[in-house]
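1. Kindly generate the corresponding structure for this input.
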Amino acid sequence: MTDTTDPTTAVSDPLSLRASEIADAEMATLLANTTQSEKWYERALRSMPMGVPSSFQAADPYPIYLERGEGVTVTDVDGNDYTDFHGGFGVGLCGHAHPKIVEAIDRAARSGTHFAAPTTVTVQLAEELCSRFDLDQIRFANSGTEATMDAVRGCTRGHGRDLVVKIEGSYHGHHDTVMFSVLPNSDAVGGREMPSSTPMSLGIPADVATHTAVIPFNDAAAFQRLVDERGDEIACLILEPVMMNVGIIEPDPGYLQSLRDICDANGSVLIFDEVKAGATVHRGGARGRYGVKPHLSCYAKALFGGTPGRRSVGEAAVMDIINNGAAQMGTFNGNPLVAAAGLACLTEVLTADAYDELAALGARLAAGCQEAIDATGIPAHTVDLGAKGCVSFRKERSRNYRDFLETKPQLFGAAFPWALNRGLFMTPGDEEQWTLSVQHTEADIDRYVEMFTGFCHALAQS
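-> Here you go, the predicted model:
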């Protein structure tokens, strides 16, 4: 929530003031309904920093602690049920406890959960991924951070160049090279509009900044200028083909192909970070939706049925660096339990028909939210990418991080507790989105639209 008495965050426009009023009232109700979460938070503080397993899960004054999930419903430790549109930050494309995933995990658990040796199911999953996403080769990992770290390491070591180029305001995991000019957690280092040379975290050596360059999204000319100046230093450009930590920002027509052409001409590697976009925006990922094939891709989240699998994949000529000295290791890489869940997810759940249904549900949700926005005049817009979508509180669609900075965080601050108090579980930040699953129905979508419509009308009373 925004403190309107603090001169560094004070707002005076009627809409933001109204949003702060709503946030205060809704948070009071939410805290009254989640007293057991508060108790678990106090207990967790004794054994975990910030009381959470990951800093992204922290919340003020405390997070909601969940107990179980089934279908599209999650239940917290106070017994409150929510329809889940959070989706585990984009993981939950199959929903919770999908029978096909449960069956695959149960079968794998009964035949061995870990060997640290190759298994046939890992080979089958690799073949399925290569076929589905038009890939040559694949290496497994255990987190999105590992996938992007391996991809960047392979490029810098394989090409004898040390400069990594990333997009302003984007997040690619928490390895040192890419932890510059990042939106999430930026308040800890001076605010959302922090300089690109400021690392996201403590503990990053000062000279790492000399190996990272930052350019804006949707500006191929800016990348070309950097190549003209420092092309012989540039190992790779890593970007989300769809920016998904600033709401959702799509690439302009022709932008991604221009980046591929520039990289090809310069001998640099184009890396798509599809940790979030991956399976959510299209059955074939970003390359299936936008028709552009990078040299390397990093996938995670939705493709493993809710289990912690990730992978770096790409063209054989680039992946060959692993055969020639680029370290890529991990005791749990290709874990058979995770691989079994991933294979079931891809072959039995995320079918072509499932994507048709997700597209229809996503269009229904975005259209319903946009209708509420238009009816009330709230400065906002919707983005629909099938299973992924969002409302961003800026009237015009954003093209880059600087556009996103014009959104009103006070409106997000009010929308989050409003949704929770009406039984919808959402991501907490102004940079996040909804994730639909194959278990959502039209009734679930209509419930969301009803919630959001009520919020817009309450906000418009300013």
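
2. Please enumerate the strands of this protein.
-> 66-70, 73-76, 81-84, 137-141, 163-167, 212-215, 234-239, 269-274, 296-299, 310-314, 381-385, 388-392, 424-425, 434-435 (DSSP state E).

3. Show me what the fifth one pairs with in its sheet, parallel or antiparallel.
-> So that's strand 163-167. Strand 163-167 sits in its sheet next to strand 212-215 (parallel), strand 234-239 (parallel), going by DSSP bridges.

4. closest one to residue 141 among those strands?
-> strand 234-239 (15.2 Å; C-beta to C-beta). C-betas here are computed from N, CA, C, even on glycine.

5. what about the closest one, average pLDDT?
-> Across strand 234-239, pLDDT averages out at 93.

6. Likewise for stretch 174-193?
-> According to the model, stretch 174-193 has a mean pLDDT of 59.

7. surely residue 412 meets residue 429?
-> Yes: using C-beta atoms under 8 Å, residue 412 is in contact with residue 429, at 7.2 Å.

8. Compare the two and say which is more crowded by neighbours.
-> Neighbour count, other C-beta atoms under 10 Å: between residue 412 and residue 429, residue 412 has more, with 22 against 19.

9. For the more buried one, give its distance to residue 16.
-> 11 Å (C-beta to C-beta, to the nearest Å).

10. if I read this right, residue 92 contacts residue 84, doesn't it?
-> Yes: if you go by C-beta under 8 Å, residue 92 and residue 84 touch, sitting 6.7 Å apart.

11. what sits in contact with each of the two?
-> Common contact partners of residue 92 and residue 84 (C-beta atoms under 8 Å, 6 or more residues apart in numbering): residue 437.

12. shaky segments in the stretch 201-350 of the chain?
-> The model of the stretch 201-350 of the chain has pLDDT under 70 over residues 201-203, 205, 308-332.

13. mind checking the end-to-end distance for stretch 210-229?
-> Taking C-alpha to C-alpha, to the nearest Å as the measure, stretch 210-229 stretches 15 Å from start to finish.

14. Just the residues contacting that stretch, thanks.
-> 156, 162-170, 177-178, 180-181, 196, 230, 234, 237, 239, 243, 249, 251-252, 254-255, 258-259, 262, 266, 268, 399-402.

15. and if we set it to 7 Å?
-> Here stretch 210-229 makes contact (C-beta atoms under 7 Å, 6 or more residues apart in numbering) with 162-168, 177, 180-181, 196, 234, 237, 243, 249, 251-252, 255, 258-259, 262, 266, 399-401.

16. Would you write a PyMOL line that selects the buried entries of those?
-> Those of those that count as buried under 16 or more other C-beta atoms under 10 Å are selected in PyMOL with:
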select buried, resi 163+164+165+166+167+168+177+180+181+234+237+243+249+251+255+258+259+262+266+399+400+401
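
17. Just the contacts of stretch 210-229: which are in helices?
-> 255, 258, 259, 262, 266, 401 (DSSP state H).

18. now those in a markdown table, with distance to residue 208?
-> Below are the ones in helices among the contacts of stretch 210-229 laid out as a markdown table (distance: C-beta to C-beta, whole Å):
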| residue | distance to residue 208 |
| --- | --- |
| 255 | 28 |
| 258 | 28 |
| 259 | 24 |
| 262 | 24 |
| 266 | 23 |
| 401 | 21 |
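
19. Now the two most distant members of those.
-> Using C-beta to C-beta, the ones in helices among the contacts of stretch 210-229 reach their maximum pairwise distance at 266 and 401, which is 23.8 Å.

20. picking that back up, point out the most buried one among the strands paired with strand 163-167.
-> strand 234-239 (a mean of 26; mean count of other C-beta atoms under 10 Å).

21. Can I get that strand as PDB, trimmed to CA atoms?
-> What follows is strand 234-239, C-alpha atoms only, in PDB (Å, rounded to 0.1, in the frame of the first residue of the first chain):
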ATOM      1  CA  ILE A 234      29.200  -9.200 -27.600                       C
ATOM      2  CA  ALA A 235      28.800 -12.900 -26.800                       C
ATOM      3  CA  CYS A 236      25.000 -12.900 -26.700                       C
ATOM      4  CA  LEU A 237      21.700 -11.000 -26.300                       C
ATOM      5  CA  ILE A 238      19.300 -12.500 -23.800                       C
ATOM      6  CA  LEU A 239      15.700 -11.400 -23.700                       C
END
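
22. What angle do strand 269-274 and that strand make with each other?
-> Angle between the axes of strand 234-239 and strand 269-274 is 20 degrees (criterion: axes from the mean of the first three to the mean of the last three C-alpha atoms, to 10 degrees).

23. Identify whichever of the strands paired with strand 163-167 lies nearest to residue 348.
-> Among those, strand 234-239 comes nearest to residue 348, with 31.8 Å by C-beta to C-beta.

24. And for that closest one, what's in contact with it?
-> With C-beta under 7 Å, 6+ apart as the criterion, strand 234-239 contacts 148, 152, 155-156, 159, 161-167, 170, 172, 178, 223, 227, 259, 263, 266, 268-271, 273.

25. What about the nearest residue to residue 347 once chain neighbours are set aside, how many residues nearby?
-> Nearest in space to residue 347, with sequence neighbours left out and distances taken as C-beta to C-beta, 6 or more residues apart in numbering, is residue 128 at 6.4 Å. Neighbour count of residue 128, defined by other C-beta under 10 Å: 17.

26. do you know how far residue 128 is from residue 348?
-> 11 Å.

27. Ok, residue 253 next?
-> 35 Å.

28. who's more crowded, those two?
-> residue 348 (17 against 8).

29. Would you confirm that that one contacts residue 100?
-> Yes: shown here, residue 348 and residue 100 form a contact pair, counting by C-beta atoms under 7 Å, at 4.5 Å.

30. Enumerate every residue touching residue 352.
-> So residue 352 contacts residue 283 (C-beta under 7 Å, 6+ apart).

31. again, but for the one 3 residues further on
-> Residues in contact with residue 355, defined by C-beta under 7 Å, 6+ apart, are 283, 386.

32. how about 6 Å then?
-> residue 283 (C-beta atoms under 6 Å, 6 or more residues apart in numbering).

33. Now do the helices in the stretch 351-462 of the chain.
-> 352-376, 401-404, 409-421, 442-459 (DSSP state H, counting those that start in this stretch).

34. Comparing those helices, which yields the minimum mean pLDDT?
-> helix 401-404 (a mean of 90).

35. and that helix, how far out from the chain's middle?
-> Offset of helix 401-404 from its chain centre (C-alpha atoms, centre = their mean, to the nearest Å): 17 Å.

36. Fine by me, we can end here.
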